[in-house]
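Colleague: sequence plus the predicted model coming up.
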Amino acid sequence: MIKENILDALNKQINKEFYSAYLYLSMSAYAESIGLKGFAQWLKVQSQEELDHAMKIYNYVIERGGKSKIICHRRAKK
């Protein structure tokens, strides 16, 4: 079992990774819309990397009997 303070820190990091993935994907969509295809693709790759990070931590938590707390992120501020 994971100590509570460690579990809290891991859950915070999971959510930061998901938030970063969302931001990269959002920026990718914008870059695509203005014709920056190469940059859009690079941003998509970054988004996927953030998702991979989140899932590694998520799986670590679950495999050790912890509960993952995924939050819904609000729209990013301009």
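Modeller: Right, received. Where do you want to start? Numbers count the residues shown, from 1 in each chain.
Colleague: distance check, the residue in the chain sticking out farthest from the centre against Cys72.
Modeller: What lies farthest from the middle of the chain is Gly35; by Cα atoms, centre = their mean that is 25.2 Å. Gly35 is 31 Å from Cys72, where distance means Cβ to Cβ, to the nearest Å. Bear in mind the C-beta positions are built from the backbone N, C-alpha and C, glycine included.
Colleague: repeat for Tyr60
Modeller: 22 Å.
Colleague: which residue is nearest the middle of this protein?
Modeller: For the chain, by Cα atoms, centre = their mean, the most central residue is Phe18; offset 1.8 Å.
Colleague: show me the contacts for that one.
Modeller: For Phe18, the contact set (Cβ atoms under 8 Å, 6 or more residues apart in numbering) comprises Glu50, Leu51, Ala54, Ile70, His73.
Colleague: what do you get if the cut-off is 10 Å, keeping everything else the same?
Modeller: Residues in contact with Phe18, defined by Cβ atoms under 10 Å, 6 or more residues apart in numbering, are Glu50, Leu51, His53, Ala54, Met55, Tyr58, Ile70, Ile71, Cys72, His73.
Colleague: follow-up on the earlier one: which of Tyr60 and Cys72 has more neighbours?
Modeller: Per other Cβ atoms under 10 Å, whichever of Tyr60 and Cys72 has more neighbours is Tyr60, with 14 against 6.
Colleague: mind checking the SS state of that one?
Modeller: Here Tyr60 is recorded as helix under DSSP: H, G, I helix; E, B strand; the rest coil.
Colleague: so it sits against Ala9, correct?
Modeller: No - Tyr60 is beyond contact range of Ala9, at 12.0 Å (criterion: Cβ atoms under 10 Å).
Colleague: now the common contact residues for these two.
Modeller: Ile2.
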